[in-house]
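A.B. asks: 3D model of this:
(one chain, ligands or ions: 1)
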Amino acid sequence: MIGHQRAAGAVVGSAVGDALGAPFEFGPAGTYSARFPLPGSDDEMCGGGGWEAGEATDDTQMAVLVGESLLEHGGLELPDIFARFQRWAVSEPKDIGLQTEDVLTNGMPWNVAAAVHFQVNLRAAGNGSLMRAATSAVYFARNGRQVTMDAARKIAALTHGDSAAWEGTAIFHELVRLALEGDDPLAALPEILTHVDPHHRDRYATVLAPTWHPDDATEFNGAVWPCLGSAVWAVRTTTSYEDAVRMAVDLGGDTDTVAAVTGGLAGAIYGLNAIPTRWTEPLHVPLPGYGGRVLRLPELLDLAHRLAA
Ligand SMILES: [Mg+2]
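C.D. replies: As a prediction, this is how the structure comes out:
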């Protein structure tokens, strides 16, 4: 049984993290806490770097596209998700991952575009499929672990040819699924790891271990492993949605995505009511390519509600 408070927490929590982190992208660690030393300031959702206050980025925009495709087709229709991504990608979104943009605009069919990109470039383990996973995690949660993790891998593979990205996205889906059911997702990590592709298991075991710290990362947190590890670390070392997301943004680097992933998981754990209203009030999600649509809190809540129904 999926709690609607938690489902809404996952979808809105991810969007809020994305918007809170966006102005700090590529900055050094500690920038957020230097500007906002104490929680509770009214202007934390500050905008900047081309982003309006409360404006969500590509992470949430793509998550909305995935969620709406799942609802309109009553399930996973991969060519449709890819087509929605393409329509968005050619409509000048303010931000789009380099790899995602290439895969969506190189003219290849949906089922080979990412694989071809990976064959040519060899590196494709960015966090760009992990960042957009909150909506599909909510949608598939009712179907249990295997369906959830398999769906995660397939959606990830639309833009990411490296199976490391599929596995990280699958782990996130399963963490959210367990949280929605009221279980302790972090306590289940050893069990979840047994369902990860053996080729990738050790590397995820490293970044998800209780002793791992974001300073231990061997890549920039735009890569899938430290991004997921940092999100789990932020949730593990805090006791509220707000503190987890603050910690995530304060890590610096790919702040919008690390905070979107953190916020999706923390929102699933603590529920919608744990997300500060001073963060949800200015929240808005433009959808380039879709007739000027902008989703605000009521539309995101409606989406979450239907995904969990
Ligand atoms: Mg982004």
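A.B. asks: Let me know the secondary structure of the residue nearest the centre of the chain.
C.D. replies: Per C-alpha atoms, centre = their mean, the C-alpha nearest to the average position across the chain is that of Met131, at 2.8 Å. Of the three states, Met131 takes coil under DSSP: H, G, I helix; E, B strand; the rest coil.
A.B. asks: Kindly report the same for Ile155.
C.D. replies: The three-state label given to Ile155 by three-state DSSP is helix.
A.B. asks: quick one: contacts for it?
C.D. replies: 66, 76, 78, 81, 129, 133, 136, 169 (C-beta atoms under 8 Å, 6 or more residues apart in numbering). Every C-beta, even on glycine, is put in place using the N, C-alpha and C of the backbone.
A.B. asks: And for Thr277, the neighbour number?
C.D. replies: Using other C-beta atoms under 10 Å, Thr277 has 9 other residues around it.
A.B. asks: What pLDDT is listed against it?
C.D. replies: On pLDDT, Thr277 comes in at 98.
A.B. asks: What pLDDT is listed against the closest residue to Trp225 other than its chain neighbours?
C.D. replies: Nearest residue to Trp225, sequence neighbours excluded (C-beta to C-beta, 6 or more residues apart in numbering): Val207, at 4.9 Å. As summarised for this prediction, Val207 has a pLDDT of 98.
A.B. asks: next one: Met1
C.D. replies: At Met1, pLDDT is 57.
A.B. asks: Pull the contacting residues for whichever residue of the stretch 51-200 of the chain sits closest to the ion.
C.D. replies: Of all residues in the stretch 51-200 of the chain, Thr57 sits closest to the ion, at 3.3 Å by C-beta to the ion. Shown in contact with Thr57 (C-beta under 8 Å, 6+ apart): 18-19, 22, 51, 94-95, 256.
A.B. asks: Repeat the analysis, applying 6 Å as the threshold.
C.D. replies: Neighbouring residues of Thr57 by C-beta atoms under 6 Å, 6 or more residues apart in numbering: 18, 22, 95, 256.
A.B. asks: tell me which strands and helices the helix or strand encompassing the first one is in contact with?
C.D. replies: Same thing as Asp18. Asp18 belongs to helix 4-21 when elements are defined using DSSP states H and E. The contact analysis (3 or more C-beta pairs under 6 Å, 6 or more residues apart in numbering; DSSP states H and E) places helix 4-21 against helix 58-73, helix 134-140, helix 163-180, helix 241-250, helix 255-270, helix 297-308.
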